[in-house]
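Trainee: Here you go, sequence then predicted model.
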Amino acid sequence: EIKACLFDLDGVLVDTAKYHYIAWKELADQLGFEFTEKDNERLKGVSRSASLNILLEIGGLALDEAEKARLAESKNSRYVEYISSMDSSEILPGALAFLEDCRSQGIGTALGSASKNAMTILNNTGLTPYFDAIIDGTNTSVAKPDPEVFLLGAEALGVPPVNCVVFEDAEAGIEAARRAGMASVGIGSPETLGAASLVVPSLLEMSVARLKEAFAAV
Ligand code: G6P
Ligand code: MG
């Protein structure tokens, strides 16, 4: 029985994936190499420092830790500029209605994001009050695909993992859900999210009724 929904933030509830992409692409431009949207898939759901390592690997660059810290900081200041002017218009289609549906039907809601900027985004878009628990990059020590972020969310809600469903747009997040022993709904295309228990194009296709039907056996 499904008792709680755990949500990734970037790319599931809000359209920040595009800002992460632009900010990383600007950095790749400065460093003198190409960074495509396909490359960007590998960064989704991955922590800032792990993302930088992947980016540098794509560019064939090996840098020392001090230089990497400087670049990560530079990417983040650009990203923070982009998200500072976000508002509720950037909540993705279907997200609010589904969160409201969960709350009205007594389904627990938790955020499970790798981002250290999650609170800024939740507050700017007005999403904060929709969550019973918020776990983000400031409360976690290991990034997805490690299950930590979702296990902490389930614990905060007091719901066993087997009764939780994770909503994710990233392969690393679907893998984190699997390792946490939770079902998952991929938001996006089955091409990249085939490992999810169910894939839908957006939360517009989701409701508590559909969720209960899809995971009736759980
Ligand atoms: C999310 C995004 C990633 C991002 C990570 C860290 O998981 O999908 O693309 O790298 O958060 O975000 P931050 O805001 O802390 O740099
Ligand atoms: Mg995401």
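Mentor: Happy to help now that I have it. If you're wondering where the values come from, they're calculated on a predicted model, not measured in any experiment. Ligands and ions are numbered 1, 2, ... in the order given.
Trainee: what about this protein, any weak spots by pLDDT?
Mentor: Across the chain, residues meeting the criterion (pLDDT under 70) sit at 218.
Trainee: how about the longest helix seen in it: buried residues?
Mentor: Looking across the chain with DSSP state H, the single longest helix is helix 65-84. By 16 or more other CB atoms under 10 Å, the buried positions in helix 65-84 come out as 68, 71-72, 75, 79, 83. Where you see a C-beta, it was placed from the backbone N, CA and C, and this is true even at glycine.
Trainee: Residues of this structure that sit close to ligand 1?
Mentor: 10, 20, 43-48, 51, 76, 113-117, 137, 170 (CB under 6 Å from any ligand atom).
Trainee: correct me, but Phe98 touches Val200?
Mentor: No. Here Phe98 does not reach Val200: they are 10.6 Å apart, not a contact under CB atoms under 8 Å.
Trainee: residues shared between the contacts of these two?
Mentor: Here Phe98 and Val200 have Met206 as joint contacts, going by CB atoms under 8 Å, 6 or more residues apart in numbering.
Trainee: Look at these two and report which has more neighbours.
Mentor: A count of neighbours by other CB atoms under 10 Å puts Phe98 above the other of Phe98 and Val200, at 25 against 19.
Trainee: Take the residues of the chain next to ligand 1 and keep only those in helices.
Mentor: Counting by DSSP H, the part of these found in helices is 20, 48, 51, 76.
Trainee: So which of the residues you listed is the closest to ligand 2?
Mentor: Closest approach to ligand 2 among these (CB to the ion): His20, at 8.9 Å.
Trainee: Name all residues that make contact with that closest one.
Mentor: So His20 contacts 10, 40, 43-44, 51, 79 (CB under 8 Å, 6+ apart).
Trainee: buried sites along stretch 116-126?
Mentor: By neighbour count on 16+ other CB under 10 Å, the buried set for stretch 116-126 is 117-118, 121-122, 124-125.
Trainee: Just flag the most distant two among these.
Mentor: Pairwise distances across these peak at 12.0 Å for Asn117 and Thr125 (criterion: CB to CB).
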